[in-house]
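*Asks:* what shape does this take:
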Amino acid sequence: MVCEKCTNKISKLATVHVVDKNASGSQRLTNENKFLSSKQKFKPGVGEFKRCRVCKKMTHHIAANYCQDCAYQKGICPMCGRKQIETCKYRQSLT
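*Replies:* Predicted coordinates:
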C-alpha cells in the first residue's frame, strides 16, 4: 500500500512509451520474419523496472524502489520508502 503522496504516481500509465494507432509507422507488417521480430517482445529484466533496495528482486511497479514483500515487512511505502505503520507488535508472515 502506497502513501498518500505517491498515489498520483500510480494513476499514470504503466507503459513507458504510448504508441498512436493512427501513426504512419504503426501498420502491421506483412511477410515479416517471425524469428527476428520475436526478439522485440517485452523482456521483464530490461527496461524501467528497478530492483528492490533490500533484497535485489525485481519490483512490480515501474516507479517502486522496494518490492511488495520488503515494504510489507518493514511497514514502508514501496515507492518512496516513507514509514507508514509501526510493525514491532505485529505478527507478520510472508505467506
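*Asks:* what does stretch 51-63 contact?
*Replies:* Residues outside stretch 51-63 that contact it (CB atoms under 8 Å, 6 or more residues apart in numbering) are 6, 9-10, 14, 16, 44-45, 48-50, 65-70, 74, 78-79, 81. Any C-beta I mention is one placed from the backbone N, CA and C, and that applies to glycine too.
*Asks:* list the contacts for the spatially closest residue to residue 3 that is not a sequence neighbour?
*Replies:* Excluding the flanking residues, the one nearest residue 3 by CB to CB, 6 or more residues apart in numbering is residue 77, at 4.2 Å. Shown in contact with residue 77 (CB under 8 Å, 6+ apart): 1-3, 6, 71, 84.
*Asks:* sort out for me which of the residues you listed are in helices.
*Replies:* Counted as lying in helices by DSSP state H, out of the contacts of residue 77, are residue 71.
*Asks:* which of the contacts of residue 77 count as buried?
*Replies:* With neighbours counted by 16 or more other CB atoms under 10 Å, the contacts of residue 77 contain buried members at 2, 6, 71.
*Asks:* need those in TSV (columns: distance to residue 92 and pLDDT).
*Replies:* Formatted as TSV, these follow (distance: CB to CB, whole Å; pLDDT from 0 to 100):
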residue	distance to residue 92	pLDDT
2	18	84
6	22	85
71	12	92
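*Asks:* list phi and psi for residue 58.
*Replies:* Dihedral pair for residue 58: phi -70, psi 140, per degrees, to the nearest 10.
*Asks:* give me the number of residues near it?
*Replies:* The local packing of residue 58 (other CB atoms under 10 Å) involves 12 other residues.
*Asks:* bridging residues for it?
*Replies:* For residue 58, the beta-bridge partners under DSSP bridges are residue 51.
*Asks:* report the separation between it and residue 71.
*Replies:* Residue 58 is 14 Å from residue 71, where distance means CB to CB, to the nearest Å.
*Asks:* residue 83 too?
*Replies:* Computed with CB to CB, the distance linking residue 83 and residue 71 is 11 Å.
*Asks:* for residue 33, same thing?
*Replies:* Distance from residue 33 to residue 71, counting by CB to CB: 43 Å.
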